[in-house]
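**Q** Provided below are the primary sequence and the corresponding predicted coordinates.
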Amino acid sequence: MGVPVVDMAGGEEEAARRMSEACREFGFFYLVGHGVEEELRAKLYEEMRRFFALPEGTKEKYHTRTNSYNRGWTPMEEETLDPSKQTRGDTKEGYYIGREIPLEGHPMSGKPLHGPNVWPSEEELPGWKETMERYFESVSMVGHRLLRLLALSQPMLFLRLLHYSEIKSSVDEEGKGVYACGEHTDYGMITLLSTDENPGLQIKLKDGQWIDIPPRKVTGEKKEEREEHQEEEKEK
């Protein structure tokens, strides 16, 4: 059985179908038509070779232990992915590059695995950073497109209708009692909640405080606007 191929340059529906089959039946697939320029990919490998050819002492300056957010160089045998079978660490070295997040002033600043990247100096490796940033951006776009295809190929969607009785919620000081809907966290990736004019929805903030979410009248998209959007999508 050959490894399946998913072509992102073809129609989205067909690519999603092939991706669904590959994930269910094989768990792996070749990806073609992804849009990453071959020239850029070749440049990436050239720059990789330049870095890994540096002396150990030079690479040590960019070790991941120089920061707390897992950016930079990992030396040979630092990882052991299957200690139950391996008699020594993995015979590979690596380099972690992620989203560029400043230490302060960004919504994700200070979060685990979020921070600025570690870059070799321009004197040691001129142009290295630019190549890595270009490639990172290019493959990030591919990843986002793949997530869309995955959503199209293997959706698990539910429409749930809820009818609440006229019984009002009644709880004591300890929070025990009758609820129209008990405290919970929704399952799945995202919930789209449509409500009528009746109040009752509450959400819990990080500090544990519950706040009311009053109904808000939202005007739906008009038929003419929807048809116009559909025509724009066809043109794309």
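**A** Happy to help now that I have it. Numbers count the residues shown, from 1 in each chain.

**Q** Please count neighbours and contacts with C-alpha atoms only from this point.
**A** Will do.

**Q** Pull out the buried residues from the longest helix anywhere in the chain.
**A** Taking DSSP state H as the assignment, the helix of the chain that covers the most residues is helix 128-153. Residues of helix 128-153 classed as buried: Trp128, Lys129, Thr131, Met132, Tyr135, Ser138, Leu146, Leu149, Leu150, Leu152, Ser153 (neighbour count, 16 or more other CA atoms under 10 Å).

**Q** low pLDDT regions in the chain?
**A** Residues of the chain that meet the criterion pLDDT under 70 lie in 1, 218-236.

**Q** mind giving me the domain split of it?
**A** Domain ranges of the chain: 1-54+125-171, 58-120, per the TED database.

**Q** Distance to Pro214 for these - can I get that in a markdown table?
**A** Below are the domains of the chain laid out as a markdown table (distance: least, CA to CA, whole Å):
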| stretch | distance to Pro214 |
| --- | --- |
| domain 1-54+125-171 | 16 |
| domain 58-120 | 27 |
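
**Q** Ile167: neighbour count?
**A** By the criterion of other CA atoms under 10 Å, Ile167 has 9 neighbours.

**Q** Also Asn70?
**A** Per other CA under 10 Å, the neighbour tally for Asn70 reads 22.

**Q** Now it. Nearest residue, chain neighbours left out?
**A** Thr64 (5.4 Å; CA to CA, 6 or more residues apart in numbering).

**Q** unless I'm mixing things up, that neighbour is touching Thr74, no?
**A** Yes. Between Thr64 and Thr74 there is a contact under CA atoms under 8 Å: 6.3 Å.

**Q** Which neighbours do these two have in common?
**A** Jointly contacting Thr64 and Thr74 under the rule CA atoms under 8 Å, 6 or more residues apart in numbering are Tyr96.

**Q** Check whether Phe158 sits in a helix, strand or coil.
**A** coil (DSSP: H, G, I helix; E, B strand; the rest coil).

**Q** show me what contacts it?
**A** Per CA under 8 Å, 6+ apart, neighbours of Phe158: none.

**Q** Please determine how far it is located from Leu193.
**A** 12 Å (CA to CA, to the nearest Å).

**Q** give me the number of residues near the closest residue to Gly177 other than its chain neighbours?
**A** Leaving aside its sequence neighbours, Gly177 sits nearest to Val171 (CA to CA, 6+ apart; 4.1 Å). Counted with other CA under 10 Å, residues neighbouring Val171 total 11.

**Q** Fine by me, we can end here.
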